[in-house]
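Visitor: quick one, what's the 3D model for this:
(one chain, ligands or ions: 1)
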Amino acid sequence: MIQMKMPGVTVYQSTLMKTTSTLIETPDCLIVVDPGWLPDEIATIRRDVEIIRHDRPLYIVYTHAHFDHILGAYAFKDAIAIASRRFIDVDQAAALEEVQNFNDEYYIESPVLFPNITHVIDESETTLTIGKTKLIFFLTPGHEATHLSFVVMPLHLLVCGDYASDVEIPLIEHDSNEYLTTLELLESFIYEYEIKLLIPGHGHICDVRTEMIERLHLSYDYILALRAGKESNWSPSWQRTSFMSRLHEKNKRQVKKEQSEQLARRQYD
Ligand SMILES: [Zn+2]
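Guide: Numbers count the residues shown, from 1 in each chain. Below you'll find the predicted structure:
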């Protein structure tokens, strides 16, 4: 279940959808990101937190409000919780219904609750300083509207959430134009903060800067092709399954919807 462990960072990989959960340890605090999915997996992360905690404050960051990223909230009710402004404004009942449906389908009896956010991120480049640890948050919509990513210094870590995956295609559930802007932003962080480790929400971590950039460029090219009504070259590492093809068709519908809305707006103007 552990995908990668190095001093200060443990990346867990769920059995489901290669979803990552991250535990960051600095002399000042512990930071958990998107703990998921299964009860045993969530309990393991919580146990590991307690083993190394030694009275340090515990933070939890939710990158976005998709149900697979919030369903572990029940195990971290005591943590200082961070998410975007849009995250707390989301239709919480709808998000919780998805968690409940998942639990019901697999006879899981975990509590279902929406994270109680104590630190709301209103704008990009909001910095939270805890001793010598700096967390720099950026709003990164596109995949989903509430999305944020953050950099951890001095670890030179980029927790990007559901971007830069090496296993799945870019999933555009919010807006393709904002998705492209976010990809540009993420690329600029890699240079600006000399990122040594990139952690995507699904798939494998990346510790080679040229490969980080390549992942972002592959996503960029994929979306540009979609918007031009063309088929793009898929990254060789993106899964070629019927499930992924369905997500690709969903992306096409999303881009078509955006284009017809844009056209309608232009005609109205
Ligand atoms: Zn997501």
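Visitor: and the strands in the protein, which stretches?
Guide: Per DSSP state E, the chain carries strands over the ranges 2-6, 9-13, 20-25, 30-33, 58-61, 80-84, 119-121, 126-130, 133-139, 148-153, 157-161, 197-200.
Visitor: which one of the ones you listed lies nearest to the ion?
Guide: strand 157-161 (7.3 Å; C-beta to the ion). Glycine gets a C-beta too; all of them are placed from N, C-alpha and C.
Visitor: thinking again about what came up before, make CSV from the strands of the chain and add mean pLDDT to it.
Guide: Shown next, in CSV, are the strands of the chain (pLDDT from 0 to 100):
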stretch, mean pLDDT
strand 2-6, 95
strand 9-13, 98
strand 20-25, 98
strand 30-33, 98
strand 58-61, 98
strand 80-84, 98
strand 119-121, 98
strand 126-130, 98
strand 133-139, 98
strand 148-153, 98
strand 157-161, 98
strand 197-200, 98
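Visitor: now those strands in a markdown table, with mean neighbour count?
Guide: Converted to a markdown table, the strands of the chain look like this (neighbours: other C-beta atoms under 10 Å):
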| stretch | mean neighbour count |
| --- | --- |
| strand 2-6 | 14 |
| strand 9-13 | 21 |
| strand 20-25 | 23 |
| strand 30-33 | 25 |
| strand 58-61 | 23 |
| strand 80-84 | 24 |
| strand 119-121 | 17 |
| strand 126-130 | 15 |
| strand 133-139 | 21 |
| strand 148-153 | 23 |
| strand 157-161 | 27 |
| strand 197-200 | 25 |
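Visitor: near the ion, which residues of the protein are found?
Guide: Taking C-beta under 5 Å from the ion, the part of the chain that reaches the ion is made up of 66, 162.
Visitor: helices and strands of the chain: which one has the lowest mean pLDDT?
Guide: When the helices and strands of the chain are scored by mean pLDDT, DSSP states H and E, helix 242-268 comes last with a mean of 93.
Visitor: restrict stretch 247-255 to CA atoms and write it as CSV.
Guide: C-alpha atoms of stretch 247-255 as CSV (Å, rounded to 0.1, in the frame of the first residue of the first chain):
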residue,chain,number,x,y,z
LEU,A,247,-13.9,8.9,-19.7
HIS,A,248,-12.5,10.1,-23.0
GLU,A,249,-16.0,10.2,-24.5
LYS,A,250,-17.2,12.1,-21.5
ASN,A,251,-14.4,14.7,-22.0
LYS,A,252,-15.5,15.1,-25.6
ARG,A,253,-19.0,15.8,-24.5
GLN,A,254,-17.7,18.3,-21.9
VAL,A,255,-15.7,20.2,-24.6
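Visitor: Gln100 reaches Val112, doesn't it?
Guide: Yes - under the criterion of C-beta atoms under 8 Å, Gln100 is in contact with Val112, at a separation of 5.1 Å.
Visitor: these two - which one has more neighbours?
Guide: Val112 (21 against 15; other C-beta atoms under 10 Å).
Visitor: give the buried residues for stretch 184-200.
Guide: 185-187, 189-190, 193, 195-200 (16 or more other C-beta atoms under 10 Å).
Visitor: how close does Ile42 sit to Val167?
Guide: 21 Å (C-beta to C-beta, to the nearest Å).
Visitor: now swap in Glu192 and tell me
Guide: With C-beta to C-beta as the criterion, Glu192 and Val167 are 27 Å apart.
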